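A.B. asks: build the 3D model from these lines:
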Amino acid sequence: MVELLLRGSVGLLPVLVFLGVLVYLDSYKLVRLRAVLIAIAAGGLSAAASYFANDLALGLTGMPVTSYSRYVSPLIEEALKGVILVYLIRKNRIGFPVDAAIFGFAAGTGFAMIENLYYLGVMRESHIAVWVVRGFGTAIMHGGATAIFGIVAHTLAEEKQSTGIAVLLPGFVVASAVHSAFNHFLFAPVLSTLGILILLPPLLLFVFQHSEASLRKWLAIDFDADTELLELINSGDFSDSKVGRYLESIRDHFKPEVLFDMMCYLRLHTELSMRSTGMLMLRESGFEVEPDEEVKAMLEELRYLEQSIGRTGHRAVKPFLRMSSRDMWQLYMLGEQ
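C.D. replies: All right, here's what the predicted structure looks like:
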């Protein structure tokens, strides 16, 4: 029993500790613990799904197990883990590469834990060295590969403002290549494990530093733009501004009450954007932001106004709203307080 616990600890704890370090390094704490736990659970479900998918594909291809594990199983497993990241990106639940890295590594952690628990059941008498490789190598590889998928996919989605296959495919290819290379065991298993431990931490550290610098820059630009627009709206005298001229040009296309709601929607959206930016600035300074009932009421009003102005009205005001995936994530963050 003691040996079984030792094998289990070596197989499961390293990847959990690595994930904990990633969460700790996120100075903005943009990813909540509940969301991390859900990602871990989803990764575990993808491991269970991959067991059946691999069993079926192995029988259909008739390939030798070694060749299959090098060329086919990485594609299946990275696709199943990647679905979790695709969902989060398309639902605007990821704002920055650091979030993608944490969610990706969490999904990979769940996958690795279920996989190692399975092998723990069928390889009870295996040498402790096997579990050193599985715990410090294979498990962290699963987390790292999915983190890389998330980073690449999110970066391209932000750059292209799209979540189509062409944007998501490169991350999948890179993650699958990393997974396949590890399964090739180009070096001895222990050396492959050392390679993962040496290469992955600096890569993720670079991502964290770059992401936080990007966030600071974005906060400054976002806050200044929102302040300028809100002052313009609240002044009531913006006939010579771009907003005023634009609303004048579309006045004949909407009823007066719809135009009024469109103006309220624009103002409310801008106020919420400013609140979200302020919340992130406070978190950067180490302050914990408490839930705000007023914000929840404002979000409810925003949803009501969006329905009131309809799709046509929403498209009409969209040129003055920063409605990129990052801005949609910003509003989502407010709702999660």
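A.B. asks: tell me the buried residues in the helix or strand hosting residue 317?
C.D. replies: Take DSSP states H and E as the rule and residue 317 turns out to sit in helix 293-317. Buried residues in helix 293-317, counting neighbours by 16 or more other CB atoms under 10 Å, are found at 295, 298-299, 302, 305-306, 308-309, 313-314, 316-317. Any C-beta I mention is one placed from the backbone N, CA and C, and that applies to glycine too.
A.B. asks: list the residues that contact residue 16.
C.D. replies: 109, 113 (CB atoms under 8 Å, 6 or more residues apart in numbering).
A.B. asks: next one: it from residue 295, what distance?
C.D. replies: To residue 295, residue 16 is 33 Å away according to CB to CB, to the nearest Å.
A.B. asks: cool, residue 264 as well?
C.D. replies: Using CB to CB, residue 264 is found at 16 Å from residue 295.
A.B. asks: could you find the closest non-adjacent residue to residue 172?
C.D. replies: Closest residue to residue 172 apart from its sequence neighbours, by CB to CB, 6 or more residues apart in numbering: residue 82 at 5.5 Å.
A.B. asks: surely the one you found and residue 173 touch.
C.D. replies: No: applying CB atoms under 8 Å as the test, residue 82 and residue 173 come out as separate, 10.6 Å apart.
A.B. asks: before we move on, the earlier item: need the per-residue pLDDT for the residue nearest to residue 172.
C.D. replies: Residue 82 carries a pLDDT score of 96 in this model.
A.B. asks: so what does it have for phi and psi?
C.D. replies: phi -70, psi -30 (degrees, to the nearest 10).
A.B. asks: which residues does it contact?
C.D. replies: 146, 149, 153, 168, 171-172, 175.
A.B. asks: 10 Å - rerun?
C.D. replies: Residues near residue 82 by CB atoms under 10 Å, 6 or more residues apart in numbering: 46, 104, 107, 145-146, 149-150, 153, 168, 171-172, 175-176.
A.B. asks: okay, stretch 176-187 in CSV with CA atoms only?
C.D. replies: Only the C-alpha atoms of stretch 176-187 are listed here, as CSV (Å, rounded to 0.1, in the frame of the first residue of the first chain):
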residue,chain,number,x,y,z
SER,A,176,0.2,17.5,-31.6
ALA,A,177,3.8,17.8,-32.8
VAL,A,178,5.1,18.3,-29.2
HIS,A,179,3.0,15.3,-28.1
SER,A,180,4.2,13.1,-31.0
ALA,A,181,7.9,14.1,-30.4
PHE,A,182,7.6,13.1,-26.8
ASN,A,183,6.0,9.7,-27.7
HIS,A,184,8.8,9.1,-30.2
PHE,A,185,11.2,8.8,-27.3
LEU,A,186,14.0,10.2,-29.5
PHE,A,187,16.1,10.1,-26.4
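A.B. asks: got any ranges where the stretch 151-300 of the chain has weak pLDDT?
C.D. replies: Along the stretch 151-300 of the chain, the model assigns pLDDT under 70 to residues 186-187, 211-253, 281-292.
A.B. asks: rerun at 90
C.D. replies: Counting by pLDDT under 90, the ranges of the stretch 151-300 of the chain that qualify are 155, 158-163, 181-300.
A.B. asks: and the helix holding residue 317, what does it pack onto?
C.D. replies: If you count contacts as 3 or more CB pairs under 10 Å, 6 or more residues apart in numbering; DSSP states H and E, helix 293-317 packs onto helix 242-249, helix 256-284, helix 325-335.
A.B. asks: recalculate using a threshold of 7 Å.
C.D. replies: Contact analysis of helix 293-317 by 3 or more CB pairs under 7 Å, 6 or more residues apart in numbering; DSSP states H and E lists helix 256-284, helix 325-335 as its packing neighbours.
A.B. asks: tell me, what residue is most central in the chain?
C.D. replies: Per CA atoms, centre = their mean, the C-alpha nearest to the average position across the chain is that of residue 100, at 3.3 Å.
A.B. asks: report all helices and strands that the helix or strand where that one lies contacts.
C.D. replies: Using DSSP H and E, residue 100 falls within helix 97-122. Where contact means 3+ CB pairs under 7 Å, 6+ apart, helix 97-122 is packed against helix 2-25, helix 33-61, helix 73-90, helix 139-160, helix 189-235.
A.B. asks: how about CSV for these, with distance to residue 269 added?
C.D. replies: Shown next, in CSV, are the helices and strands packed on helix 97-122 (distance: least, CB to CB, whole Å):
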stretch, distance to residue 269
helix 2-25, 31
helix 33-61, 24
helix 73-90, 21
helix 139-160, 20
helix 189-235, 9
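A.B. asks: comparing those helices, which comes out most buried?
C.D. replies: Greatest average neighbour count among the helices and strands packed on helix 97-122 goes to helix 139-160 (a mean of 26), per mean count of other CB atoms under 10 Å.
A.B. asks: quick one: that helix to helix 73-90, angle?
C.D. replies: 50 degrees (axes from the mean of the first three to the mean of the last three CA atoms, to 10 degrees).
A.B. asks: what angle separates helix 139-160 from helix 2-25?
C.D. replies: 20 degrees.
A.B. asks: so how far is helix 139-160 off the chain centroid?
C.D. replies: 8 Å (CA atoms, centre = their mean, to the nearest Å).
A.B. asks: stretch 151-166 too?
C.D. replies: Once both centres are worked out by CA atoms, centre = their mean, stretch 151-166 turns out to sit 12 Å from its chain's centre.
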